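Colleague: The following comprises the amino acid sequence and a computationally predicted model.
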Amino acid sequence: MRGPGSLNHNRRSFTAENVDPKRSSLNVVYRDEPIQKVYHELFDEAVKRYNAKQKRKDRCITDYYEHLRTGKQEKLFHELIVQIGNKDDMGVLTENGALAKELLDEYMQGFQERNPTLRVFGAFLHMDEATPHLHIDFVPYVSGWKGKGLDTKVSLKQALKALGFAGGSKRESELNQWINAEKEQLAAVMERHGIEWEQKGTHEEHLSVLDFKKRERSKEVVALEAAKQECQTDLTEMQEQLETAQTAVEAAEQRVQKAELTYQKQSQKLNKLAPIMEGLENLSAQYSQRPEEWVPEAATFETAKSYREKKAMPLIQKLVKVLFALHRKYWEVKNERDKYLHFYQDEKKATRHLSQQLEQVKAENSQLYAMKRDFRRVWNYFGAEKMQQVIGFMREQEQTTDRSQKKNRQNSIEL
């Protein structure tokens, strides 16, 4: 079962009423590390990578442990309590109690290896209460996360998914599947020692009507808490997607601003070049309309060859160089201007597209919030048991439909 996670109780920092301090020396401490130390070990590098990407200081994380402790998204750690039997058949002072200690010890030895994404920092075998039992405290984490936030972060759901436990129905969540798998591991240890796991059924004849109703209500509360936690997780993931879209829009807007500045600089260059081009046009018109005013006259007795080589050709060569240089500069600046103009237009289109996506995500988020509220109203009206029946019935119908469609596709392929 899952425990509340009282580290001081597990470490025997105080003595509870149900603890016999004379037998506390028989307890076994497998691991007892400060949780803050474990957080630094697991997440400090990821925090550095995350902070390096932030452009706003208020989004940086100083201490991931404190960040989660003061937040509401994830628990700092989780606890598993493992026990075989009860005080009547596995009492701590009996021979069976000594066997239970041996079985729990064997089970504990392989726990961390089986569950590498559940970092154990506290593990205690208590022999000073009525029945031997284990307290296993761990930090669930996922590495290589591609969503919003740290690439290595705390997440029970994702940690269990990494172990191969994919969520299904409310009763078959990742957590419930993992707990059942751990029960099977413990049952295998028991079987090696000749002890059979007696799986309790739903025989409630020994319970009074009031006790029975209390137990059923407790089951409903647990189911509702699980549903709430799953909805909260989905909501957190949607919020992360929304923040990712917002960040993309902000980045696109920054690129557009940069493109606008570049475009303005290029426009200023063109504006400076405009008078030069205008002067070039005037010069061309002047030279073409009245050539007799700027072409030097031949001297007396000057031969045509001398005039051509000493006066006409140098002047023509000079004009050709000026015209060619100005023409080339004009096209260089024009091409540069056109390039940045296209870049600017592309960035504006991308920004508009991202803005539309952001508005769509916001609209979908609002719809999901409304659906969540309506779902909670329906759940409260019909009750957990009725809702579980309806959900189970609908899933069976969907599975039947999927199997039928798959069979039809196979028949079509064979034909």
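Modeller: It's in. Small disclaimer: the values here were computed from a predicted structure and weren't measured.

Colleague: okay, CA-based contacts and neighbour counts for the rest of this
Modeller: Fine.

Colleague: And what about Ala159, helix, strand or coil?
Modeller: Ala159 carries the three-state label helix when classified by DSSP: H, G, I helix; E, B strand; the rest coil.

Colleague: for it, what are its contacts?
Modeller: Ala159 is in contact with 117-118, 140-142, counting by C-alpha atoms under 8 Å, 6 or more residues apart in numbering.

Colleague: Give the helix, strand or coil label for Gly144.
Modeller: coil.

Colleague: list the contacts for it?
Modeller: 151-152.

Colleague: Now do it against Glu41, distance only.
Modeller: Taking C-alpha to C-alpha, to the nearest Å as the measure, Gly144 falls 16 Å from Glu41.

Colleague: among the contacts of Ala159, which ones are buried?
Modeller: The neighbour-count criterion (16 or more other C-alpha atoms under 10 Å) marks 117-118, 140-142 among the contacts of Ala159 as buried.

Colleague: Return the closest of those with respect to Gln405.
Modeller: For the buried ones among the contacts of Ala159, the minimum distance to Gln405 (C-alpha to C-alpha) is 36.2 Å, reached by Val142.

Colleague: Show me what the closest one is bridged to.
Modeller: Beta-bridge partners of Val142, counted by DSSP bridges, are Lys153.

Colleague: Who are the contact partners of it?
Modeller: Applying C-alpha under 8 Å, 6+ apart to Val142 gives the contacts 117, 151-155, 158-159, 162.

Colleague: quick one: which of those residues is most hemmed in?
Modeller: Val154 (27 neighbours; other C-alpha atoms under 10 Å).

Colleague: Quick check, that one in contact with Glu74.
Modeller: Yes. In terms of C-alpha atoms under 8 Å, Val154 counts as a neighbour of Glu74; the distance is 7.0 Å.

Colleague: Which strand or helix spans Glu66?
Modeller: helix 64-69 (DSSP states H and E).

Colleague: elements contacting that helix?
Modeller: The contact analysis (3 or more C-alpha pairs under 8 Å, 6 or more residues apart in numbering; DSSP states H and E) places helix 64-69 against helix 35-53.

Colleague: list the helices and strands the helix it packs on packs on?
Modeller: Applying 3+ C-alpha pairs under 8 Å, 6+ apart, one finds that helix 35-53 contacts helix 64-69.

Colleague: Where does pLDDT dip in the stretch 301-415 of the chain?
Modeller: In the predicted model of the stretch 301-415 of the chain, residues 301-302, 307, 311-312, 320, 322, 326, 333, 337, 340-341, 411-415 satisfy pLDDT under 70.

Colleague: ranges for the strands of the stretch 51-200 of the chain?
Modeller: 78-83, 118-126, 133-142, 153-154 (DSSP state E, counting those that start in this stretch).
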